[in-house]
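**Q** sequence unavailable; structure follows:
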């Protein structure tokens with residue numbers, strides 16, 4: 001239960017003619033993880049006589065078609081109309097169900113031909129539309145630039161055709177910060193007297209006042225004048241190719257931009273029509289291409305002779321018999337398969353992939369465990385303990401029944417909504433529901449329901465307690481008991497970690513590490529129980545034994561670890577701190593609502609309700625985040641730090657991921 005699935009390694013040799021059928025069926029079953037033999041074949045003598053297998057000749061064509069299909073799908077997606085907030089929420093709560101299409105199991109060449117035909121038909125319609133949209137984009141940029149230039153120089157009543165360069169003159173137009181204008185004029189006149197500077201009306205832009213200017217000079221002074229202007233933050237406006245007065249250019253540019261805007265809308269509409277006709281077919285064929293791409297590319301992991309292929313794969317021990325039977329059936333017995341257990345070297349070097357095997361209620365928490373580190377193949381998998389303790393710790397930190405109800409509802413929506421299409425969302429939905437239920441239970445037992453909402457507003461006595469409250473753990477009356485309980489729970493949590501560490505260290509024969517890391521703390525804790533039962537002398541004897549075990553395992557400096565152990569235990573006091581802060585902020589929201597409603601006539605009730613909702617909304621968001629972070633910390637630091645190493649790679653089966661397709665049986 002607390003160990004990952006036992007793995008075995010298969011070495012498979014079969015004739016070339018059977019390789020594709022074997023790979024195809026194993027890809028659909030998804031029970032093996034194929035090793036890459038390419039480097040070993042070139043480096044190790046045991047593989048002499050084998051060459052690295054070449055990719056299927058059609059592989060590059062499949063990959064190219066897949067890339068083209070993805071590009072078309074991206075284009076179709078970009079043309080989709082923006083969804084309203086209602087549609088987004090609806091899609092989150094109840095996503096559209098995808099009905100997988102039956103597809104035939106055909107050869108790579110046949111699939112490539114079929115895909116090329118479908119993609120070519122769509123591309124023949126889509127490509128001219130995309131080309132026109134690119135042209136529109138280029139034209140829009142040109143007219144936007146013209147509009148900007150004409151707008152900035154609108155204070156000059158001149159035909160822009162007169163502002164073009166000639167053989168002997170250079171025209172520089174643009175705008176300059178008004179504060180630099182006089183300096184610019186004087187420095188330009190120092191360069192040459194053969195210059196004319198025309199000023200327009202100043203205007204502000206982002207709190208800076210600019211003055212548009214047009215400078216006409218002899219061509220040979222262009223570089224010097226431009227150098228002066230650059231140092232004074234001059235912004236050049238290019239009038240090349242423009243003709244007509246500024247208002248004419250502005251009107252013509254706006255007219256053209258409107259025209260292109262309408263044409264772009266029509267292009268997008270045309271693309272959406274293509275999407276309605278073809279997107280479903282493209283999604284199906286693209287998935288088939290992706291699946292076939294994985295199959296054709298996997299051959300580069302194999303070894304080969306002129307007539308055979310060889311590959312190695314990891315398989316869960318429970319699936320080995322079925323896998324062997326399947327290969328034997330597909331190859332008509334024309335295969336050689338060697339089954340091996342992992343070697344000690346492979347285990348020690350973390351080369352054995354890990355497949356976690358946890359009961360259903362704990363499965364979602366593999367996400368959280370793997371955030372820290374993937375379990376080691378030879379070590380204990382702590383997922384079950386995390387599944388039991390994490391939502392409990394979260395509920396202990398939040399302890400507000402109403403907040404818990406909200407979280408459980410959100411989790412349920414996540415599970416039944418996006419959870420239908422995503423395993424990750426499904427897992428987080430389960431975790432949220434469990435967190436919410438623990439919060440409801442502990443909130444009712446300790447007196448938290450939107451702070452003191454029920455006693456204050458319904459029962460009429462803010463000092464009263466909910467009927468469900470256990471008096472000795474009423475968070476508002478006996479926080480000291482909440483603290484004692486938190487520390488006791490922390491000790492239990494830590495001792496589970498110590499036991500796990502002892503088991504793993506015994507298995508590895510790491511006796512010193514076991515003594516200095518786990519066993520010593522259990523003996524020291526035991527000495528306290530001995531003191532309570534048998535008195536001082538037995539306590540001192542057991543305590544000395546515990547310290548000697550610590551010194552043996554960790555050396556003289558190991559005594560300093562005592563403070564670390566005490567810190568780990570006290571760290572669980574955060575459960576109390578967050579519990580009280582949730583209730584305290586909730587009570588503050590209720591008190592503010594009551595005060596505002598009574599102090600301010602008429603509108604006070606409305607203001608009070610708004611403050612009430614705002615503070616409680618902040619409280620549930622902020623405290624939920626804090627409760628989750630601190631619950632994770634108690635596992636990642638205090639719990640995992642006492643035994644858990646991790647570092648193996650997850651088992652990644654060679655499996656066809658299908659959403660839009662299913663193979664006909």
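**A** In hand now; what should we look at? Keep in mind the model is a prediction, meaning the values are calculated, not measured. Numbering: from 1, shown residues only.

**Q** quick check: buried residues in stretch 311-330?
**A** Within stretch 311-330, the residues that qualify as buried are 311-316, 319-320, 323-324, 326-327, 330, counting by 16 or more other Cβ atoms under 10 Å. Backbone N, C-alpha and C define where each C-beta goes, glycine included.

**Q** tell me the centre residue of the protein?
**A** The centre of the chain sits closest to residue 424, judged by Cα atoms, centre = their mean, with a distance of 10.1 Å.

**Q** narrow the buried residues of stretch 311-330 to those in strands?
**A** In this view, the buried residues of stretch 311-330 that belong to strands under DSSP state E are 311-316.

**Q** hmm, back to that, distance to residue 567 and pLDDT added to the buried residues of stretch 311-330, as a markdown table?
**A** Listed next are the buried residues of stretch 311-330 as a markdown table, based on distance: Cβ to Cβ, whole Å; pLDDT from 0 to 100:
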| residue | distance to residue 567 | pLDDT |
| --- | --- | --- |
| 311 | 51 | 94 |
| 312 | 47 | 95 |
| 313 | 46 | 95 |
| 314 | 41 | 96 |
| 315 | 45 | 96 |
| 316 | 41 | 95 |
| 319 | 45 | 94 |
| 320 | 47 | 95 |
| 323 | 50 | 94 |
| 324 | 53 | 94 |
| 326 | 54 | 93 |
| 327 | 55 | 94 |
| 330 | 59 | 93 |
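
**Q** pick the one among the residues you listed closest to residue 431.
**A** Among the buried residues of stretch 311-330, residue 316 lies closest to residue 431 (Cβ to Cβ), at 25.4 Å.

**Q** just flag the most distant two among the ones in strands among the buried residues of stretch 311-330.
**A** Across those (Cβ to Cβ), the longest gap, 17.4 Å, separates 311 and 316.

**Q** correct me, but residue 97 touches residue 91?
**A** No: contact status for residue 97 versus residue 91: not in contact, 11.7 Å apart, counting by Cβ atoms under 8 Å.

**Q** neighbour-wise, which of the two wins?
**A** Taking neighbours as other Cβ atoms under 10 Å, residue 97 and residue 91 compare with residue 91 leading, 13 against 7.

**Q** quickly find the element holding that one.
**A** Assigned by DSSP states H and E, residue 91 falls within helix 85-93.

**Q** quick one: the strands in the stretch 301-450 of the chain?
**A** 303-304, 308-316, 335-340 (DSSP state E, counting those that start in this stretch).

**Q** the second one pairs with which strands, and in what direction?
**A** Right, the one you point to is strand 308-316. Here strand 308-316 is paired, per DSSP bridges, with strand 7-15 (antiparallel), strand 32-34 (antiparallel), strand 303-304 (antiparallel).

**Q** any buried residues in the longest one, and which?
**A** Residues 7-10, 12-14 are the ones in strand 7-15 that count as buried (16+ other Cβ under 10 Å).

**Q** any chance you could map the strands in the stretch 1-150 of the chain?
**A** 7-15, 32-34, 51-52, 101-103.

**Q** export the buried residues of stretch 311-330 to CSV and tack on distance to residue 553?
**A** Output for those, formatted as CSV (distance: Cβ to Cβ, whole Å):
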residue, distance to residue 553
311, 46
312, 40
313, 41
314, 36
315, 39
316, 36
319, 41
320, 40
323, 44
324, 46
326, 50
327, 49
330, 55
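
**Q** residue 454: which of those residues is nearest?
**A** residue 316 (52.0 Å).

**Q** surely that closest one touches residue 9?
**A** No: judged on Cβ under 8 Å, residue 316 makes no contact with residue 9 at a distance of 11.4 Å.

**Q** least confident secondary structure element in this protein?
**A** When the helices and strands of the chain are scored by mean pLDDT, DSSP states H and E, helix 85-93 comes last with a mean of 73.

**Q** output the contacting helices and strands for it.
**A** Contacts defined by 3 or more Cβ pairs under 8 Å, 6 or more residues apart in numbering; DSSP states H and E place helix 85-93 against no helix or strand at all.

**Q** next one: it to chain centre, how far?
**A** Averaging C-alpha positions (Cα atoms, centre = their mean, to the nearest Å) puts helix 85-93 20 Å from its chain's average.

**Q** ok, back up a step: residue 86: which of the strands of the stretch 1-150 of the chain is closest?
**A** Shortest distance between residue 86 and those, using Cβ to Cβ, is found for strand 101-103: 29.5 Å.

**Q** if we can go back for a sec, now the strands of the stretch 1-150 of the chain as a markdown table including mean pLDDT and distance to residue 391?
**A** Formatted as a markdown table, these follow (pLDDT from 0 to 100; distance: least, Cβ to Cβ, whole Å):
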| stretch | mean pLDDT | distance to residue 391 |
| --- | --- | --- |
| strand 7-15 | 94 | 30 |
| strand 32-34 | 95 | 32 |
| strand 51-52 | 90 | 49 |
| strand 101-103 | 90 | 39 |
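
**Q** how about the ones you listed in TSV, adding distance to residue 239?
**A** As requested, those are arranged in TSV below (distance: least, Cβ to Cβ, whole Å):
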stretch	distance to residue 239
strand 7-15	73
strand 32-34	65
strand 51-52	63
strand 101-103	58
